[in-house]
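Asks: Next come a sequence and a model predicted from it.
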Amino acid sequence: MPLHTNLLLIADHASNYMPKKYNNLCVSKKEILTHKAFDLGVRDLAINLSNKLNSYLVLGEYSRLLIDCNRGLNDPTLISAISDRKLILGNIKITKQERVKRINNIYRPYHEKIRKKILEKKINVIVSLHSFNPIFKGKKRKIKYGILSNQDRRLSDLLLNELKKKNNVVGDNEPYKGSLIGDTLYKHALNRGLHHSLIEVRNDLLSNVKKIDQVSNLLYRVINKSINSLSKKS
């Protein structure tokens with residue numbers, strides 16, 4: 001990467017951790033190990049990729065079922081009572097006090113970590129890493145990677161082009177849209193004018209150490225080349 005590039009990788013949904021007092025929000029132990037609770041494979045991918053890129057890194061430390069750190073505070077899915085068409089019993093009729101506690105103990109510290117890292121390390125590029133299920137509503141998703149973007153597509157367009165060169169099946173704002181008001185990149189990158197993008201990886205590509213290393217190697221080349229192209233345009 002160019003010498004003047006200070007890259008920050010973030011992974012909002014890297015963990016499925018819930019303190020014991022929450023009793024998994026009455027969700028089964030089996031489901032806590034699924035996409036419902038966190039982004040499978042992303043923690044190891046983020047660490048691996050950060051080492052290869054020599055970048056800074058911030059990882060989410062709690063399950064998104066407790067509170068989704070990739071949402072604005074006014075988003076109705078910040079603390080969801082339904083996930084994947086099933087009730088999250090521990091989030092139904094949540095008290096105002098409990099809501100405030102989760103915001104103050106989980107949500108705000110996470111975003112403060114990102115804010116501090118940006119200021120202290122003079123971050124000028126942010127890449128957010130996520131993963132998605134290969135099956136949705138009974139159908140296999142054909143795309144392997146998704147590049148999510150808001151109105152600032154400077155980095156996203158470069159990432160898309162690089163991934164397509166490798167003959168990967170890539171989604172542009174698929175399988176999700178990247179324009180959530182108040183999400184992590186909106187807060188920390190778009191509002192600051194920093195280069196940014198969100199990369200989604202189909203989680204069957206991250207199901208073991210060998211696969212994670214293969215994806216890490218691919219994304220290392222893709223991100224590196226994209227940031228080099230970005231610096232030439234600047």
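Replies: Everything's here; your move.
Asks: Give me the mean pLDDT for stretch 220-234.
Replies: The predicted model gives stretch 220-234 an average pLDDT of 88.
Asks: Sort out which residues of that stretch are buried, please.
Replies: By 16 or more other CB atoms under 10 Å, the buried positions in stretch 220-234 come out as V222, I223, N224, K225, S226, I227, S229, L230, S231. Heads up, the C-betas are built off the backbone N, CA and C, glycines and all.
Asks: Kindly report the same for stretch 122-140.
Replies: Residues I123, N124, V125, I126, V127, S128, L129, H130, S131, F132, N133, P134 are the ones in stretch 122-140 that count as buried (16+ other CB under 10 Å).
Asks: hang on, the last one packs against N203?
Replies: Spelled out, it's P134. Yes. Proximity of P134 to N203 meets the contact threshold set by CB atoms under 8 Å, at 6.7 Å.
Asks: In this protein, where's the longest helix?
Replies: If you go by DSSP state H, the chain has its longest helix at helix 209-233.
Asks: Tell me the gap between it and the middle of its chain.
Replies: Taking the mean of its C-alpha atoms, helix 209-233 sits 16 Å from the chain's own mean (CA atoms, centre = their mean, to the nearest Å).
Asks: do stretch 199-206 as well
Replies: With CA atoms, centre = their mean as the basis, stretch 199-206 stands 11 Å off its chain's centre.
Asks: quick one: average pLDDT of that stretch?
Replies: Stretch 199-206 carries an average pLDDT of 98.
Asks: end to end, how far does that stretch reach?
Replies: End-to-end span of stretch 199-206 (CA to CA, to the nearest Å): 13 Å.
Asks: thinking again about what came up before, and the buried residues of stretch 122-140, which two are furthest apart?
Replies: The largest separation in those, counting by CB to CB, is between N124 and P134 at 33.9 Å.
Asks: Parallel or antiparallel, which strands does the lowest-mean-pLDDT helix or strand in the chain pair with?
Replies: One helix or strand of the chain scores below all others by mean pLDDT, DSSP states H and E: strand 135-136, with a mean of 84. Using DSSP bridges, the strands paired with strand 135-136 in its sheet are strand 139-140 (antiparallel).
Asks: ok, and what's touching the partner strand?
Replies: Residues outside strand 139-140 that contact it (CB atoms under 8 Å, 6 or more residues apart in numbering): P134.
Asks: Tell me the helix or strand right after it.
Replies: Downstream of strand 139-140, the first helix or strand assigned by DSSP states H and E is strand 145-148.
Asks: immediately after that next one, which helix or strand?
Replies: Following strand 145-148 in sequence, per DSSP H and E, is helix 154-165.
Asks: right, and the helix or strand after that next one?
Replies: Downstream of helix 154-165, the next assigned helix or strand under DSSP H and E is strand 170-172.
Asks: So which elements touch that next one?
Replies: Here strand 170-172 touches strand 145-148, helix 154-165, going by 3 or more CB pairs under 8 Å, 6 or more residues apart in numbering; DSSP states H and E.
Asks: Just say which of those is most tucked in.
Replies: Mean neighbour count (mean count of other CB atoms under 10 Å) peaks for strand 145-148 among the helices and strands packed on strand 170-172, with a mean of 25.
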